[in-house]
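Undergrad: requesting a structural model of the entry that follows:
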Amino acid sequence: MKPFFILLATFAASILLNKIFSDNYRIIFSGTLALCVMLLFTSIAHFIYAKGMAMMLPPFVPFKHAVVYLTGVLEVGFAIAFMFPPYRIYTAWLLIAFLILVLPANIYASVKQVNYSNATYTGNGLSYLWFRMPMQLLLIWWAWFFGIYLAA
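TA: The predicted structure follows:
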């Protein structure tokens, strides 16, 4: 839930501040900045809650902790690259692919009731998917809209 609020709050604050100080909403900048801030925020969890996030990965995934750290680094890379217009379209496509690839881990974690912040199996279970699935779709749309559609 926090990433959703960070995304929307950053977007709204950026639009407001841009309108106040430059008399221009700068929608593309605000959208990319919001995604960047949200990705940086979520990447922190990959390092702080690495043990719990490793529990989110299905048993067949090897080197779980390394995968968690790698995905955290990837999110930082996406956040940085997304802010540079020459790389935005490529980054958006890679981020969309990334979001699709990590979706099974979120499904697995909800089925197993993983609480990644406590590294326990006391999470919200399938009710987590009622938020996570729409959020994942929103992020895919956001990356497409601000990174591909408006960038073209």
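Undergrad: against Ser43, how distant is the residue lying closest to Val68 once chain neighbours are set aside?
TA: Using CB to CB, 6 or more residues apart in numbering and skipping the chain neighbours, the partner closest in space to Val68 is Met53 (4.6 Å). (C-beta placed from N, C-alpha, C; glycine too.) Remark: distance between Met53 and Ser43 (CB to CB, to the nearest Å) = 11 Å.
Undergrad: same question, Leu70
TA: 11 Å.
Undergrad: in stretch 83-91, which residues are buried?
TA: Using 16 or more other CB atoms under 10 Å as the test for burial, stretch 83-91 gives 88, 91.
Undergrad: look up phi and psi at the residue sitting furthest away from the middle of the chain.
TA: Going by CA atoms, centre = their mean, the residue of the chain most distant from its centre is Asp23, 29.7 Å out. Phi and psi for Asp23, reported as degrees, to the nearest 10, are phi 60, psi 30.
Undergrad: which residues are in contact with stretch 113-122?
TA: Stretch 113-122 is touched from outside by 45, 49, 51-53, 55-56, 108-109, 112, 123-125, with contacts defined as CB atoms under 8 Å, 6 or more residues apart in numbering.
Undergrad: starting at the chain centroid, how far to that stretch?
TA: Stretch 113-122 has its C-alpha centroid displaced from the chain centroid by 19 Å (CA atoms, centre = their mean, to the nearest Å).
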